[in-house]
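Chemist: Compute the structure for the input listed below.
(2 chains)
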Number of protein chains: 2
Amino acid sequence: MEVAKVIIISIGDEILIGQIANTNATWMAEILNSNGFNTVEIRSIADDENAILNTLKSVRQLADLVLVTGGLGPTKDDKTKQIICDFFDSQIIINDAVLAHVKSFFAIRNKELTELNYKQAEVPDNCEVVHNAMGTAPGMYFVKENIHFVFMPGVPFEMENIMKTWVIPEMCKRLFTKNIIQKTILTHGLGESFLADKISKWENSLPTHIKLAYLPTPGKVRLRLRGIGDNRGELQMEIEKKIQELQIIIPNLIYGFDDDLMEEIIGNLLRKNKLTLSTAESCTGGFIAHKITEIAGSSDYFKGSVVAYSNEIKEKVLGISAKNLLTYGAVSEQVIIQMAEGVRKLFDTDYAIATSGIAGPSGGTTEKSVGTVWIALSSSSKTIAKKFNFGNHRIRNINLSFLSAINMLRMELLNSD
Amino acid sequence: MEVAKVIIISIGDEILIGQIANTNATWMAEILNSNGFNTVEIRSIADDENAILNTLKSVRQLADLVLVTGGLGPTKDDKTKQIICDFFDSQIIINDAVLAHVKSFFAIRNKELTELNYKQAEVPDNCEVVHNAMGTAPGMYFVKENIHFVFMPGVPFEMENIMKTWVIPEMCKRLFTKNIIQKTILTHGLGESFLADKISKWENSLPTHIKLAYLPTPGKVRLRLRGIGDNRGELQMEIEKKIQELQIIIPNLIYGFDDDLMEEIIGNLLRKNKLTLSTAESCTGGFIAHKITEIAGSSDYFKGSVVAYSNEIKEKVLGISAKNLLTYGAVSEQVIIQMAEGVRKLFDTDYAIATSGIAGPSGGTTEKSVGTVWIALSSSSKTIAKKFNFGNHRIRNINLSFLSAINMLRMELLNSD
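Modeler: The predicted model follows:
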């Protein structure tokens, strides 16, 4: 088939009482869409036997692939497995591979298995078991009347791992006839409408079988190209050529592709050039250090950070002059330069990033409104400082400060490469 | 009727491609739930004639009240109004009140009406028009075969206003409902199955009109109690009594209720007691400082952090002895105690938290496997250190280290309070 119709079913009461948003379904819809699947419906239903069974029955006419999450945990409010057996006419058996996985999972954590844990190795005899590397409840795959069903746990990182490693690649293989290739271009530095203006001529030059979508998130606009065609090699080349054309139009705005993370890109540049980094953080409160150290292997180039959340620490640990703090305030060009230079010296690194701003929601003045952020980048040859204003939403400010800071480093690393 | 069953239908393609989460439905589910309605299903469907009509037909057996959002704008991709006429057997008429409202809406904003705007005053002849104070597309209310239907625009603040001013009060009046009260108990320290074992006797003592659900996420299990009854006051007291019983069984595991965040709870305890905090972070890489500083006002009690991602920094900035690093390694009781004491002295705070561990995926040895984490808490009177193992998922390790660290602080603050 050319496009597979998908229904996502989320089992769980938390969504129905409005306690959490169905972010699992959003994540799934996004990865499905970007791999050429057409999600026609998302249903959130109660963890209730009748609801689950009636829903499984009713979606059959509507989809080629039915993805179900939730209801697979060990406690008694999870009734999904019995319903699955009724629906697919299965018997419950113990799966040895799953049992071994559950045992080793607990052994590593020095924990005893309870009776409930053993139950996680019980699976319907006529399903294909899908390995859950991140947890103990396995995924399950069935085909019934030409409709494909996959059941997954509802824990986000378990579900996401199963989706990426099994559902997307396997379902692409088992369901599609045409080739679908897509590539997402990651940009930072221009908002959606300004970017659209800048690349409109290029956008209009795209052939009809290659479609462009704008996927904006705070601080980033992702441009997704998606081509459908008979010949995979030709399609790949067409898309690559279009990307090369775009790189000439907006060379500095493109920082990566697909799942690239800016913190990973600067990490690779630092490692390649044997360079080291430290940060001095006020308004970002450790978020830059956190994002950098989320990347495995970051200790190769990242030495550490001073989160200086009070002026006292800025003076004592980073050596900011009391006079500058008093005269210009902590959110100023003078102080941000001293912060970046201070931490670079203290940690003895090639580069240092510093942030100081008013994250909000309070703390703004008529001179310096909430969202005012100074960012500096220091190296052995120079220190540059820039002023930004990111608006009045605290968490968004922290995130945009982080992105802008490491983008300054990225530009510097590229120019000196 | 005792409890009104509700289905929420969200029309719009953005949700199905994963561009946005269905936050409208979450908001609606929450206000419905807290007003005693029982949302049995949430569906996101495409802005497509067949999908809309088939969905309207299929939900009739499932609900007493059907709330539909989206698809009412003036542009050409909104086909809902015609479908509504087909489904309810209506004729389109111009509603003078709506037309006057649309005209005044544009007059206030100094804008000319386009032909498309006039179309917003067109409504089915057999509906009750619901006033949209925040926008131009009116809401529409129908009753068909004893099922109540309300159609609303998808713009969040328009929908929210209609829900608050009309749907909730009118539907409460028109559909008799019982009282629903719920309370979520937040726990940390035991996994779902172990917790279930520990509280099984209490769980079995719950009356049938109070239901318990386990909502596990890494490092936390939320226990949701939900009661249904005629007398709101009595139900409230019953639930409070059950929570008091549970607090006797697992006093240390319960850290809060409903939307409480542990970092907010320790922040409030620190502020109340005029105490200050600093952190020295190795494996958490700044994540603890980040989570603490995400809370507005955290500068009242948080002075900052040293992220010491190399042994050199641990020695130079935190004063860890080279001998200890060499003899015991960075992930050891000896070093973690020195880290906590070192940062507490450097930052001159009442409390200090330190973390050092092997976040993974690599870096493990036979003695110290990936996931081994030492956490210390230092105060003027003592320093305590604990060893954990959180498994082999880097981001999960960082998160669990954070939760365990601030939980150690929480326990200490409660015991010395």
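Chemist: ok, so what distance separates the most centrally placed residue in chain A from residue A:188?
Modeler: Most central in chain A under CA atoms, centre = their mean is residue A:259, positioned 7.8 Å from the mean C-alpha point. The spacing between residue A:259 and residue A:188, counted by CB to CB, to the nearest Å, is 15 Å. In this view, the C-beta of every residue, glycine as well, is placed from N, C-alpha and C.
Chemist: cool, and residue A:295?
Modeler: 17 Å.
Chemist: What of residue A:62?
Modeler: 39 Å.
Chemist: same deal with residue A:290?
Modeler: On the measure of CB to CB, residue A:290 and residue A:188 end up 19 Å apart.
Chemist: Over to residue A:152?
Modeler: According to CB to CB, residue A:152 stands 33 Å off from residue A:188.
Chemist: Comparing those two, which residue is more hemmed in?
Modeler: The neighbour comparison of residue A:152 against residue A:188 (other CB atoms under 10 Å in any protein chain shown) goes to residue A:152, with 29 against 18.
Chemist: Show residues contacting the helix or strand harbouring residue A:289.
Modeler: Residue A:289 is part of helix A:287-293 when elements are defined by DSSP states H and E. With CB atoms under 8 Å, 6 or more residues apart in numbering or on different chains as the test, helix A:287-293 has contacts from A:263, A:266-267, A:277, A:279, A:281, A:298-299, A:302, A:304-305, A:307, A:353, A:355, A:398-399, A:401-402, A:405-406, B:281, B:284-287, B:289-290, B:293, B:307, B:309, B:359, B:398.
Chemist: I'd like the next helix or strand past that helix.
Modeler: Helix A:287-293 is succeeded, C-terminally, by strand A:302-308 (DSSP H and E).
Chemist: By average pLDDT, which secondary structure element in chain A comes out worst?
Modeler: helix A:115-118 (a mean of 78; mean pLDDT, DSSP states H and E).
Chemist: Quick one: low-confidence residue ranges for the stretch 151-300 of chain A.
Modeler: Residues of the stretch 151-300 of chain A meeting the criterion pLDDT under 70: none.
Chemist: Could you pull out the helices in it for me?
Modeler: Ranges of helices in the stretch 151-300 of chain A, per DSSP state H, counting those that start in this stretch, are A:156-162, A:168-175, A:192-198, A:200-204, A:232-249, A:262-272, A:287-293.
Chemist: send the alpha carbons of the fourth one over as CSV?
Modeler: Coordinates of the C-alpha atoms in helix A:200-204 are reproduced here as CSV (Å, rounded to 0.1, in the frame of the first residue of the first chain):
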residue,chain,number,x,y,z
SER,A,200,9.8,30.8,-0.7
LYS,A,201,11.4,30.6,-4.1
TRP,A,202,13.2,27.4,-3.2
GLU,A,203,9.9,26.0,-1.7
ASN,A,204,8.1,26.7,-5.0
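Chemist: For it, name the packing helices and strands.
Modeler: helix A:232-249 (3 or more CB pairs under 8 Å, 6 or more residues apart in numbering or on different chains; DSSP states H and E).
Chemist: so how far is the helix it packs on off the chain centroid?
Modeler: 25 Å (CA atoms, centre = their mean, to the nearest Å).
Chemist: And chain A, what are its domain boundaries?
Modeler: Using automatic domain parsing, the domains assigned to chain A come out as A:4-175, A:179-257, A:262-415.
Chemist: Quick one: closest of those to residue B:194.
Modeler: Residue B:194 sits nearest to domain A:4-175 of all these, at 6.7 Å, using CB to CB.
Chemist: how many neighbours does residue A:323 have?
Modeler: Around residue A:323 there are 9 residues (other CB under 10 Å).
Chemist: Now look at whichever strand or helix holds it and say if it contacts chain B.
Modeler: Using DSSP H and E, residue A:323 sits within helix A:322-328. No: figure legend: helix A:322-328 not in contact with chain B (CB under 8 Å from any CB of the partner chain); closest approach 14.5 Å.
Chemist: Mean confidence (pLDDT) on that helix, please.
Modeler: Averaged across helix A:322-328, pLDDT comes to 95.
Chemist: buried sites along it?
Modeler: Within helix A:322-328, the residues that count as buried by 16 or more other CB atoms under 10 Å in any protein chain shown are A:324, A:325.
Chemist: quick one: contacts of that helix?
Modeler: Here helix A:322-328 has contacts from A:311, A:314, A:315, A:332, A:334, A:335, A:338, using CB under 8 Å, 6+ apart.
Chemist: So which residues on the stretch 201-350 of chain A come close to chain B?
Modeler: Within reach of chain B by CB under 8 Å from any CB, the stretch 201-350 of chain A has these residues: A:213, A:215, A:279, A:281, A:284-290, A:292-294, A:296-299, A:302-310, A:312-313, A:316-317, A:346-348.
Chemist: Does the least confident helix or strand of chain A reach chain B?
Modeler: Yes: under the criterion of CB under 8 Å from any CB, chain B is reached by helix A:115-118 at A:116, A:117.
Chemist: What segments of the stretch 1-150 of chain A are helices?
Modeler: A:13-16, A:23-34, A:49-58, A:80-88, A:96-108, A:115-118.
Chemist: would you turn these into TSV with mean neighbour count?
Modeler: Shown next, in TSV, are these (neighbours: other CB atoms under 10 Å in any protein chain shown):
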stretch	mean neighbour count
helix A:13-16	24
helix A:23-34	22
helix A:49-58	16
helix A:80-88	18
helix A:96-108	15
helix A:115-118	15
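Chemist: Distance to residue B:97 added to the ones you listed, as a markdown table?
Modeler: Formatted as a markdown table, the helices of the stretch 1-150 of chain A follow (distance: least, CB to CB, whole Å):
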| stretch | distance to residue B:97 |
| --- | --- |
| helix A:13-16 | 35 |
| helix A:23-34 | 38 |
| helix A:49-58 | 39 |
| helix A:80-88 | 49 |
| helix A:96-108 | 63 |
| helix A:115-118 | 59 |
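Chemist: Going by mean pLDDT, which of those helices comes out lowest?
Modeler: If you rank the helices of the stretch 1-150 of chain A by mean pLDDT, helix A:115-118 sits at the bottom with a mean of 78.
Chemist: In CSV, list the C-alpha atoms belonging to that helix.
Modeler: The C-alpha trace of helix A:115-118 is given here as CSV (Å, rounded to 0.1, in the frame of the first residue of the first chain):
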residue,chain,number,x,y,z
GLU,A,115,4.5,-12.6,42.0
LEU,A,116,3.2,-9.6,40.0
ASN,A,117,6.5,-9.4,38.2
TYR,A,118,6.3,-13.0,37.1
